[in-house]
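K.L.:
sequence and predicted structure are below.
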Amino acid sequence: MNKIMNSSLPIRIDVWSDFACPFCYIGKRRFENALKKFPHKDQVQIIFRNFELNPDQKRVPGRNKYIQLSEKYGMTIEKAKSVCDNMAKQAKELGLDYRFDTMVIGNTNDAHRLQKYAQSQGKSDELVEEIMHAYYTDSKDIGDHETLAQLAGKVGLDEQEAKKVLSEGKYSEDVKKDIQQSRELGVNGVPYFLFNGDLEISGAQPEEVFLRALERLWEEKKKKVEKGEGGKCENGACKL
């Protein structure tokens, strides 16, 4: 595995995700809940990475999530509905409202490009949350430039600049780099969490799994400092 590590904080987490992945929103919320319980959460850096489950997906009127799953995995519509019902139940337990019946299926590349713009402006976390809520709860078309620009405006970004980013194809290379990096790491499904470049967690795991990983890495960091391998720990913070 190619190691990724370039952070001023003790713990860095790279998260590969796709807006069209129902488990990515669930995994995001479970991880956030775990982070709230971690005493040193201010010492954690989170980097959102782009991933495309269906890069060739196009907006097709009348093609809902059930049909998409049925065609992709060779299951019946009834089975697809059952799968979605199960995901909606898991989401509800986290306070998320999934509305598969009215979900607008489309391409997520433009949403990813806009996320990269938001990242450059320090608004990535806010925009990712807005896009996911718009897609899963509000049944918005997140492939529509006007819709995306409005979401950008909601988090304090300039709507006109957002439209320019989308219309001119900006940040396409940045998205491609994330996807290429995921391939080099052997990632074939999301969400995928990479802790400090070498500890992997795949899928929307329970909060306890994420919390244990955070605690383990914190203890490892402290031990390295105690061994004199650089840095210091004081007042609840470790620096290398």
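P.N.:
Right, received. Where do you want to start?
K.L.:
for E219, what is the enclosing helix or strand?
P.N.:
Using DSSP states H and E, E219 sits in helix 207-226.
K.L.:
so which other helices or strands are in contact with that helix?
P.N.:
On a contact count with 3 or more CB pairs under 8 Å, 6 or more residues apart in numbering; DSSP states H and E, helix 207-226 meets strand 11-17, helix 22-37, strand 192-195, strand 199-202, strand 232-234, strand 237-239. C-beta: built from backbone N, CA, C; applies to glycine.
K.L.:
among the ones you listed, show the one with the smallest mean pLDDT.
P.N.:
Of all the helices and strands packed on helix 207-226, strand 237-239 carries the lowest average pLDDT, namely a mean of 40.
K.L.:
about what we covered before: rounded mean pLDDT for the helix holding E219, please.
P.N.:
92.
K.L.:
do stretch 172-187 as well
P.N.:
For stretch 172-187, the mean confidence score works out to 98.
K.L.:
circling back to that earlier point, can you put the helices and strands packed on helix 207-226 in CSV and add distance to A111 and mean neighbour count?
P.N.:
Converted to CSV, these look like this (distance: least, CB to CB, whole Å; neighbours: other CB atoms under 10 Å):
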stretch, distance to A111, mean neighbour count
strand 11-17, 11, 22
helix 22-37, 12, 20
strand 192-195, 18, 22
strand 199-202, 22, 16
strand 232-234, 39, 11
strand 237-239, 35, 15
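K.L.:
nearest to D144, of those?
P.N.:
Among the helices and strands packed on helix 207-226, the nearest to D144 by CB to CB is helix 22-37 (19.3 Å).
K.L.:
just checking, what packs against the closest one?
P.N.:
If you count contacts as 3+ CB pairs under 8 Å, 6+ apart, helix 22-37 packs onto strand 11-17, helix 77-92, helix 124-136, helix 207-226.
K.L.:
and V44, its phi and psi?
P.N.:
Per-residue torsions, V44: phi -120, psi 130 (degrees, to the nearest 10).
K.L.:
list the contacts for it?
P.N.:
Each residue near V44 by CB atoms under 8 Å, 6 or more residues apart in numbering is listed here: L9, P10, I11, R12, I13, L35, F38, L214.
K.L.:
nearest to S182 among those residues?
P.N.:
Nearest to S182 among the contacts of V44, with distances taken as CB to CB, is I13, at 14.6 Å.
K.L.:
hmm, Q45 and the closest one touching each other?
P.N.:
Yes - with contacts counted by CB atoms under 8 Å, I13 reaches Q45, the gap being 7.1 Å.
K.L.:
redo the helices and strands packed on helix 207-226 as a markdown table? Include distance to G156.
P.N.:
Converted to a markdown table, the helices and strands packed on helix 207-226 look like this (distance: least, CB to CB, whole Å):
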| stretch | distance to G156 |
| --- | --- |
| strand 11-17 | 22 |
| helix 22-37 | 20 |
| strand 192-195 | 27 |
| strand 199-202 | 31 |
| strand 232-234 | 35 |
| strand 237-239 | 29 |
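K.L.:
next one: the nearest residue to W218 once chain neighbours are set aside, what pLDDT does it get?
P.N.:
Spatially, and ignoring its direct neighbours in sequence, W218 is nearest to H40 (5.8 Å; CB to CB, 6 or more residues apart in numbering). Listed pLDDT for H40 reads 96.
K.L.:
and what of A80?
P.N.:
97.
K.L.:
quick one, what contacts it?
P.N.:
K65, Y66, I67, L69, S70, Y73.
K.L.:
if anything else comes up later, I'll come back, but that's it for now.
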